[in-house]
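In: Prediction below, plus the sequence it came from.
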Amino acid sequence: MFDKKEIQLSKREVGHTLNIGQVFSPNDEWIVFDNRNNDGDIKITASIGMINVNTGEEKELYNVPNQTVYGPGVGAASFSPLEDKVIFIHGIRNADEQRPYDFTRRTGVAIEIAKPHRPIFMDARDIQQPFTPGALRGGTHAHSWSGDGQWISFTYNDYVLEQLALKDKKIKDLRTIGLMYPGQVKVAHTQDLENNSGEMFSVLAATVTENPKSGSNEIDKAFDECWVGKNGYIKADGTRQHRAIAFQGNVRAEAGRTVTEIFVADIPANLPSSNFNVRIEGSENTRPEVPSGIEQRRITFTKKGIKGPRHWLRSNSDGTKIFFLSEDDQDIVQIYAVSPNGGNIMQVTHHEFSITSPINLSPDGLYLSYIGNQSVFITEIATGLSERLTPQYDAPENLNGAVVWSNDGKKLAYNRYVKTTKGTFLQIFLLKRP
């Protein structure tokens, strides 16, 4: 299927970190990256760039004007599926030693590639009372475009509750997920760099609670989501749910044991025109409330739960399956699939070694890509047949991160470290169909 001769696309002796998905431009001509050389280095990373798939030419899209070792920091960039626009994590602009980059101190910033270095703040942020409906009070990250390119999902941590938790141990900043859709939000306090207005209207989409009841469907953490289908999915009653997010949620099993299961949040079609009857902006001692029209359902009830490396759920374009990682009976991490309506779980891969990376789905929904045994693999979903596409690498020149498909399904992009006389640098590699 793929030519197994890999192409080293980037060569500049700096880091070139790919996000876990959506790194190709709509026409597949460019790949977006940030200049991290290690996964955890967003705080000290100052620039977002893109590289031409055919020529290897690099262009800088954004550089943080006031970068220090404390932030703001940028990273995890992804392309819109429809526009020549990227979104990425941007730390809060007044970052310093007392207020460094952190989970609750980041936001989503976009750049139109025709207008580099002109940041567009996507989600509004307001940490001062009175809080602003449509703005959030903390940090958004892992931004993911919906199939139609109109909405964006993200993972969220709340700064207001984080600070309150320092004084009241009953309060916790619980990680959750949210979404944003077109609709400008003006924030009154933008003279303070803690706050910013935004081009999108944001709400939380998952309900979390500090003390989930054992054996219930309550969760205290929601994270690492995906959009279900390009146009939603068909519900059990035969109707179409046009927008939905699948996410991972931590429940309590017997004896208080934490198990990660899969949940689906069905998004009502009229959400942008809703008259919210709850405090979506939150209060000084409560997190923003989830709009009442969003319905949250648990769809897996497993013994082991989700297991393996950190990964984001994935859905095929028709929304019939959600893919995730878990362990088989021999404790080997494999790929599994389940319907957004719940029901039987299908094991997709049958390796003798564990998968060690996030997973991605080909645009035609036929194949999965990932790293295992320090090699790039793809697996045909219908047959479970897996193919090793690269040699097995060893440190320091090891593979890292996810294996990402181009929009036309003809290319795979991934990161591998390359050692030079100046050090070891994360570079971008390609595999192409003949």
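Out: It's in. Keep in mind the model is a prediction, meaning the values are calculated, not measured. Residues are numbered from 1 along each chain as shown.

In: pLDDT (mean, whole number) over stretch 347-357?
Out: Stretch 347-357 carries an average pLDDT of 98.

In: Output it as CSV - backbone C-alpha positions only.
Out: Taking Å, rounded to 0.1, in the frame of the first residue of the first chain, the C-alpha atoms of stretch 347-357 are listed here in CSV:
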residue,chain,number,x,y,z
GLN,A,347,-10.9,-6.0,18.9
VAL,A,348,-9.1,-4.7,15.8
THR,A,349,-5.4,-5.5,16.2
HIS,A,350,-3.8,-8.7,17.4
HIS,A,351,-0.2,-7.9,18.0
GLU,A,352,2.3,-9.8,20.3
PHE,A,353,3.6,-6.4,21.5
SER,A,354,1.8,-3.3,22.8
ILE,A,355,0.9,-0.3,20.8
THR,A,356,2.8,2.7,22.1
SER,A,357,1.4,5.8,20.5
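
In: What ranges does the stretch 301-434 of the chain have for its strands?
Out: Ranges of strands in the stretch 301-434 of the chain, per DSSP state E, counting those that start in this stretch, are 314-315, 322-327, 333-338, 345-347, 360-361, 367-372, 375-380, 386-388, 399-405, 411-420, 423-432.

In: For residue 66, which of those strands is the nearest?
Out: Of all the strands of the stretch 301-434 of the chain, strand 423-432 sits nearest to residue 66, with 24.9 Å by Cβ to Cβ. Every residue, glycine included, has its C-beta placed from N, CA and C.

In: related to what we said a few turns ago, adding mean neighbour count and distance to residue 61, write the strands of the stretch 301-434 of the chain out as a markdown table.
Out: Listed next are those as a markdown table, based on neighbours: other Cβ atoms under 10 Å; distance: least, Cβ to Cβ, whole Å:
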| stretch | mean neighbour count | distance to residue 61 |
| --- | --- | --- |
| strand 314-315 | 24 | 26 |
| strand 322-327 | 23 | 30 |
| strand 333-338 | 21 | 33 |
| strand 345-347 | 14 | 40 |
| strand 360-361 | 22 | 23 |
| strand 367-372 | 24 | 25 |
| strand 375-380 | 20 | 27 |
| strand 386-388 | 15 | 34 |
| strand 399-405 | 22 | 18 |
| strand 411-420 | 20 | 17 |
| strand 423-432 | 19 | 15 |
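
In: got the ones you listed as CSV, with distance to residue 184 columns?
Out: Listed next are the strands of the stretch 301-434 of the chain as CSV, based on distance: least, Cβ to Cβ, whole Å:
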stretch, distance to residue 184
strand 314-315, 29
strand 322-327, 33
strand 333-338, 38
strand 345-347, 42
strand 360-361, 32
strand 367-372, 37
strand 375-380, 42
strand 386-388, 47
strand 399-405, 31
strand 411-420, 34
strand 423-432, 35
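
In: So which of these is nearest residue 38?
Out: strand 423-432 (7.9 Å).

In: Quickly run through the sheet partners of the closest one, with directions.
Out: Here strand 423-432 has these sheet partners by DSSP bridges: strand 7-8 (antiparallel), strand 411-420 (antiparallel).

In: Please identify which of these is closest to residue 148.
Out: strand 411-420 (22.8 Å).

In: Can you dump the C-alpha atoms of that closest one in PDB for me?
Out: In PDB, the C-alpha atoms belonging to strand 411-420 read as follows (Å, rounded to 0.1, in the frame of the first residue of the first chain):
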ATOM      1  CA  LYS A 411       0.700  10.200   2.800                       C
ATOM      2  CA  LEU A 412       1.700   9.400   6.400                       C
ATOM      3  CA  ALA A 413       3.600  11.900   8.500                       C
ATOM      4  CA  TYR A 414       5.400  11.100  11.700                       C
ATOM      5  CA  ASN A 415       8.200  12.200  14.000                       C
ATOM      6  CA  ARG A 416      11.600  10.500  14.500                       C
ATOM      7  CA  TYR A 417      14.700  11.800  16.300                       C
ATOM      8  CA  VAL A 418      17.800  12.200  14.200                       C
ATOM      9  CA  LYS A 419      21.200  12.500  15.700                       C
ATOM     10  CA  THR A 420      23.700  15.100  14.300                       C
END
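
In: residues in contact with it?
Out: Under the criterion Cβ atoms under 8 Å, 6 or more residues apart in numbering, residues 2, 8-9, 13, 16-18, 23-24, 28, 31, 53, 369, 371, 376, 378, 389, 393, 395-406, 424-433 lie in contact with strand 411-420.

In: Output the strands paired with strand 423-432 as JSON lines; include the columns distance to residue 291.
Out: As requested, these are exported to JSON lines (distance: least, Cβ to Cβ, whole Å):
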{"stretch": "strand 7-8", "distance to residue 291": "46"}
{"stretch": "strand 411-420", "distance to residue 291": "36"}
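
In: mind checking which of the ones you listed is nearest residue 278?
Out: Nearest of the strands paired with strand 423-432 (Cβ to Cβ): strand 411-420, 41.5 Å.

In: what angle separates that closest one from strand 375-380?
Out: Relative orientation of strand 411-420 versus strand 375-380 (axes from the mean of the first three to the mean of the last three Cα atoms, to 10 degrees): 170 degrees.
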